[in-house]
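# sequence and predicted structure are below.
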Amino acid sequence: MPETDQAVLMEILQRITKIETKIESLTNLDRVAAEAYAVANEALQSTKGAHHRLDRIDTQLQGLDGRSDRRTSTAISLGALAVAAITLILRMVGA
């Protein structure tokens with residue numbers, strides 16, 4: 001075989017090797033993309049579930065009547081007054 005024919009065959013072999021390498025990396029990339037798609041889909045489903053739970057909580061909060069809101073406000077106010085009174089008493093006693 002002449003020297004130029006052998007050089008051409010070596011060039012062809014090198015190019016085929018490069019093509020094989022690229023095909024292997026594309027196969028790996030396809031697998032990674034499929035895994036990423038599965039994770040993204042799972043995250044989307046989780047987000048949808050959280051959204052539905054938040055909608056349900058929002059609906060429940062909107063359903064509260066004014067008395068419940070007043071009771072909560074009254075309880076918070078009384079609690080704040082109790083803490084203030086206890087703090088004042090403790091300061092007077094010197095604790």
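Nice, thanks for sending it over. Numbers count the residues shown, from 1 in each chain.
# CA atoms for contacts and neighbours, from now on please.
Noted.
# show me where the protein has its helices.
Counting by DSSP state H, one finds helices in the chain at the ranges 3-62, 66-93.
# for the shortest one, give the mean pLDDT please.
Think helix 66-93. Computed over helix 66-93, the mean pLDDT rounds to 83.
# which strands and helices sit next to it?
Helix 66-93 makes packing contacts with no helix or strand when contacts are defined by 3 or more CA pairs under 8 Å, 6 or more residues apart in numbering; DSSP states H and E.
# how about it: buried residues?
Buried residues in helix 66-93, counted by 16 or more other CA atoms under 10 Å: none are found.
# what does the domain assignment say about this structure?
1-63, 66-95 (automatic domain parsing).
# so what's residue 44 up against?
Neighbour list for residue 44: empty [criterion: CA atoms under 8 Å, 6 or more residues apart in numbering].
# go with 10 Å
Neighbour list for residue 44: 38, 50 [criterion: CA atoms under 10 Å, 6 or more residues apart in numbering].
# from residue 57, how far off is it?
20 Å (CA to CA, to the nearest Å).
# repeat for residue 72
In this structure, residue 72 and residue 57 are separated by 17 Å, where distance is defined by CA to CA.
# before we move on, what about residue 36?
32 Å.
# ditto for residue 22
52 Å.
# with residue 18 instead?
58 Å.
# for residue 61, grab the count of nearby residues.
When neighbours are counted by other CA atoms under 10 Å, residue 61 registers 10.
# quick one: residues contacting it.
Contact criterion CA under 10 Å, 6+ apart gives residue 55 as the residues in contact with residue 61.
# same deal with residue 46?
Remark: with contacts taken as CA under 10 Å, 6+ apart, residue 46 is in contact with 40, 52.
# how near is it to residue 53?
11 Å.
# cool, and residue 32?
Here residue 32 is placed at a distance of 32 Å from residue 53 (CA to CA).
# go on, residue 19?
As defined by CA to CA, residue 19 lies at a distance of 51 Å from residue 53.
# ok, residue 17 next?
For residue 17, the distance to residue 53 (CA to CA) stands at 54 Å.
# and residue 93, by the same measure?
The separation that residue 93 has from residue 53, given CA to CA, amounts to 50 Å.
# ok, now residue 20?
The gap separating residue 20 from residue 53 is 50 Å, by CA to CA.
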